[in-house]
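Undergrad: only geometry, no sequence info:
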């Protein structure tokens, strides 16, 4: 099996630019497909497994550019599709109920080998790590139906029959808030140069040099299928403004009946303060030796408009020009 698109190393001058801000990822990056999607170099060895995954008609997929509300949507969609089984949701981690398709892509092989070596004398942690580092596409293949899967891949890098086979929810968010949230995530993970400034990160973001970019190509691919019966497009800004309405739309899309009382209960469960407190939703990894705690702060403010504190007037004007140029290509108009 293979993939019908090219995967190539990024140019040396671009790699140099990226490594100035992300000095720890010396394993490199690739461009994939005609839109030059920017991915970690490990993608080259795993691409065929992602593209050729065997789909099931009762799969539900959450597709989104990073930091667009995909985790929030994962939990909402899983609960609706599983008849509001809060007991299971509270006791089984979301990362097991709704697997992040390319999670293993983020783990350099050297990092995996080092962690396994550091924990070789602790059977329980070693077993945990081996399970964690199993390629995500293998974990997805072994899931019981109905499967829920999250991915940041664009449609062109996913199984080609995805929309004709499965229900897909695409989540979009305005690029200014996406970039701010992405910047803080990289900070929390210790991936950025210590003195990195947001303006430097925005330069990479706008020039399609952060993971899973280009942002606009990702969005435009999804929008080209907006009339497809198996695609529901949600906007993060709508979720923050009227979550109950989004819950009703999602339930209708998934073919589920839901009462007003159930909508209110689910909206309360999903509110950001409650979301942070749920143990099954935590992104802090078990404290295996050598493993970073993935992030107190993974769930940030759960609101729109946080970009205002990060964009000085000159940078905001530059961003607006870029945004307006791209919005002309679709009938999408984000709320800021």
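TA: Perfect, thanks for sending it. All values reported here derive from a predicted model rather than from experimental measurement.

Undergrad: helices along the stretch 151-300 of the chain, start to end?
TA: Counting by DSSP state H, counting those that start in this stretch, the stretch 151-300 of the chain has helices at residues 162-165, 175-188, 198-206, 215-223, 236-241, 243-253, 260-270, 272-277.

Undergrad: residue 221 contacts residue 157, correct?
TA: No: proximity of residue 221 to residue 157 does not meet the contact threshold set by CB atoms under 8 Å, at 9.4 Å. (Glycine included, C-beta is placed from N, CA and C.)

Undergrad: mind putting the helices of the stretch 151-300 of the chain in TSV, distance to residue 50 and mean pLDDT included?
TA: Output for the helices of the stretch 151-300 of the chain, formatted as TSV (distance: least, CB to CB, whole Å; pLDDT from 0 to 100):
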stretch	distance to residue 50	mean pLDDT
helix 162-165	11	98
helix 175-188	21	93
helix 198-206	23	97
helix 215-223	15	97
helix 236-241	25	95
helix 243-253	24	98
helix 260-270	29	97
helix 272-277	28	74
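
Undergrad: for residue 126, which of the ones you listed is the nearest?
TA: Proximity to residue 126, assessed across these by CB to CB, is greatest for helix 175-188 (26.2 Å).

Undergrad: looking at the helices of the stretch 151-300 of the chain, spot the one closest to residue 111.
TA: Closest among the helices of the stretch 151-300 of the chain, using CB to CB: helix 175-188, at 16.2 Å.

Undergrad: return the list of helices and strands in contact with that closest one.
TA: helix 198-206, helix 215-223, helix 313-327 (3 or more CB pairs under 8 Å, 6 or more residues apart in numbering; DSSP states H and E).

Undergrad: buried residues in it?
TA: 175-188 (16 or more other CB atoms under 10 Å).

Undergrad: hmm, back to that, looking at residue 221 and residue 157, which one has more neighbours?
TA: residue 157 (24 against 19; other CB atoms under 10 Å).

Undergrad: now do the same contact list for that one.
TA: 5, 32, 33, 37, 47, 50, 51 (CB atoms under 8 Å, 6 or more residues apart in numbering).

Undergrad: okay, and which of those residues map to helices?
TA: 47, 50, 51 (DSSP state H).

Undergrad: the first one: neighbour count?
TA: It stands for residue 47. Residue 47: 23 neighbours (other CB under 10 Å).

Undergrad: which positions in the lowest-mean-pLDDT helix or strand in the chain come out as buried?
TA: Lowest by mean pLDDT, DSSP states H and E among the helices and strands of the chain is helix 272-277, with a mean of 74. By neighbour count on 16+ other CB under 10 Å, the buried set for helix 272-277 is empty.

Undergrad: now that helix, how far from the centre of its chain.
TA: Here helix 272-277 is found 19 Å from its chain centre; the criterion is CA atoms, centre = their mean, to the nearest Å.

Undergrad: what do you get for stretch 219-233?
TA: Distance, centroid of stretch 219-233 to centroid of chain: 17 Å (CA atoms, centre = their mean).

Undergrad: contact partners of that stretch?
TA: Contacts for stretch 219-233 (CB under 8 Å, 6+ apart): 35, 63, 65, 154-156, 163-172, 249-250, 253, 329-330, 332.

Undergrad: next one: phi and psi at residue 100?
TA: Here is the backbone geometry of residue 100 (degrees, to the nearest 10): phi -80, psi 110.

Undergrad: wait, it sits on residue 153?
TA: No: at 10.8 Å, residue 100 does not count as touching residue 153 under the criterion of CB under 8 Å.
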